[in-house]
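> Requesting a structural model of the entry that follows:
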Amino acid sequence: MASSTINSIDEVISGLPKSEQILVKQLRAIILECLPKAEERSYYGLSVPFYRHNRLICFIWPPSIRMGPKKRNDVRDNFVVLGFNQGNKMAKNPLLLAEGRKQVYCMYIKLQDKIDERLVRALLYEAGMIDEEFGRKRKKKRD
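Reported below is the predicted structural model:
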């Protein structure tokens, strides 16, 4: 992990409202534990943490960092998003929402709620297995 990227993500997290910081830090710790090979960095000029090994695996998107134009009374203002970049390849789960996207599926965690660590870990392990499959396919092509 590049330390400048980590510092900038740490700076962004420390600038979030307390309720968001708590949830983002908890998710971040779970992700780094469940995906030890993943690199944390920002992509696309965004200041949100993305996690990548063979491909982009997942990301954490706090509500203070806008995802598109601000809408009045946007329900997303009360949720941290845990997004899965290969969500379309994951087992069907009513908590993973495609919302019209073909590949990226998202889980919304309400700011005041406690994280269902068991569920989040299961999703992360599944996303990690999908990522490892991409690595095996890439290695096969090189051989």
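
> measure the closest residue in space to residue 111 that isn't next to it in sequence to residue 13 for me?
Leaving out its chain neighbours, the residue that sits closest to residue 111 by CB to CB, 6 or more residues apart in numbering is residue 19, at 4.7 Å. From N, CA and C alone the C-beta is placed, and that goes for glycine too. Remark: distance between residue 19 and residue 13 (CB to CB, to the nearest Å) = 13 Å.

> Point to the residue nearest the middle of the chain.
With distances taken as CA atoms, centre = their mean, residue 59 lies nearest the centre of the chain, 2.0 Å away.

> next one: phi and psi at it?
Here is the backbone geometry of residue 59 (degrees, to the nearest 10): phi -150, psi 160.

> With residue 48 instead?
When read as degrees, to the nearest 10, the backbone of residue 48 gives phi -110, psi 150.

> wait, what's in contact with it?
Residue 48 sits next to 9, 12, 42, 59-62, 65 when contact means CB atoms under 8 Å, 6 or more residues apart in numbering.

> what does residue 104 give?
By CB under 8 Å, 6+ apart, residue 104 lies in contact with 83-85, 87-88, 98.

> Just the buried residues of these.
Buried subset of the contacts of residue 104 (neighbour count, 16 or more other CB atoms under 10 Å): 83-85, 87.

> Let me have these in JSON lines, adding distance to residue 121 as columns.
Below are these laid out as JSON lines (distance: CB to CB, whole Å):
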{"residue": "83", "distance to residue 121": "16"}
{"residue": "84", "distance to residue 121": "13"}
{"residue": "85", "distance to residue 121": "18"}
{"residue": "87", "distance to residue 121": "16"}
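
> Dump those residues to CSV, plus pLDDT and distance to residue 117.
CSV is the format used below for the buried ones among the contacts of residue 104 (pLDDT from 0 to 100; distance: CB to CB, whole Å):
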residue, pLDDT, distance to residue 117
83, 97, 18
84, 98, 16
85, 97, 21
87, 97, 19
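
> Just give me the closest of these to residue 127.
residue 84 (5.3 Å; CB to CB).
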